[in-house]
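the following block contains a protein sequence and its predicted model.
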Amino acid sequence: MTVQDQTQQEPRLGVDVIGFGVGEFAYLLNVFEGPARDRSVSVFRAEEMVDDVTLSTAGASSLLARDLATVDDDGELGVKGVAAAVATALGQATRWTEISLLTGDSMDNVAFIEAPGVAIMLQPRLLGTWFVFAKDPSLSSAEAILRIVQQHVSENPAGSAYLVFKTVDSEQHLLVRREEGSWTTGIPDFDKDEVAETPRLDDAGLLAAFEDARG
């Protein structure tokens, strides 16, 4: 399996939103090997999915049909365009951010994956599909996360967010809620069952909290 033209057709935030079926996503998770790929598998709770050869084969066939993969003269399958960007992000990532957007009766999720030269956001939808879009290149990673949280609270005034910032060998948890025109963050201590809160943050303060949690 190979990756071709990794950045040539990378999706653009607000312009391209690309959907991948469960088989396609399983195949893309299997393009690379190594600790980064294994961390991605863990983030997406995809351990069983990536070991399903039939599912990955169906995904490869679908990618070929969509012109997101090609077969070379030696019969080797390679992903290209947007699929190559996604495979690269999943297989060579250095940072993963899991964002849970909460309301009183619902939860939506965003996964933000960063690899050298590629930064994408993924949202799960029905039947195991994932929709992918690229981070706005004019924003830093922390700014992109801030924008997601701001939009969520704007649409759901009583909403909150739970974020998990991960590298290959570490993770940091952060709770965020909006209170009386300012932000409150909380860092949970699971051993003590306590949350250390920092109240009355403005947008700049919340951005700094994200940057600190990213390490």
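Okay, I see it.

can we go C-alpha only for contacts and neighbour counts from here?
Will do.

just say helix, strand or coil for residue 169.
At residue 169 the chain is in coil, as set by DSSP: H, G, I helix; E, B strand; the rest coil.

remind me what the longest helix along the chain packs against, helices and strands.
In the chain, with assignment by DSSP state H, the single longest helix is helix 141-155. Here helix 141-155 is seen to pack against strand 160-166, helix 203-214 when contacts are counted using 3 or more C-alpha pairs under 8 Å, 6 or more residues apart in numbering; DSSP states H and E.

only the buried residues of the first one, if you could.
Within strand 160-166, the residues that qualify as buried are 160, 161, 162, 163, 164, 165, 166, counting by 16 or more other C-alpha atoms under 10 Å.

quick one, helices of the chain?
For the chain, the helices defined by DSSP H cover 22-29, 35-43, 47-50, 53-65, 81-92, 141-155, 203-214.

low-confidence ranges in the chain?
Scanning the chain for pLDDT under 70 picks out the ranges 1-16.

do you know how far the nearest residue to residue 133 once chain neighbours are set aside is from residue 123?
Leaving aside its sequence neighbours, residue 133 sits nearest to residue 17 (C-alpha to C-alpha, 6 or more residues apart in numbering; 5.0 Å). Separation of residue 17 from residue 123 (C-alpha to C-alpha, to the nearest Å) stands at 10 Å.

show me whatever sits in contact with both of these two.
131, 132 (C-alpha atoms under 8 Å, 6 or more residues apart in numbering).

about what we covered before: output the helices and strands packed on helix 141-155 in JSON lines; the columns should cover distance to residue 192.
What follows is the helices and strands packed on helix 141-155, written out as JSON lines (distance: least, C-alpha to C-alpha, whole Å):
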{"stretch": "strand 160-166", "distance to residue 192": "18"}
{"stretch": "helix 203-214", "distance to residue 192": "20"}
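
out of the ones you listed, flag the one nearest residue 128.
Of all these, it is strand 160-166 that lies closest to residue 128, at 21.5 Å by C-alpha to C-alpha.

right, I'll call it a day here.
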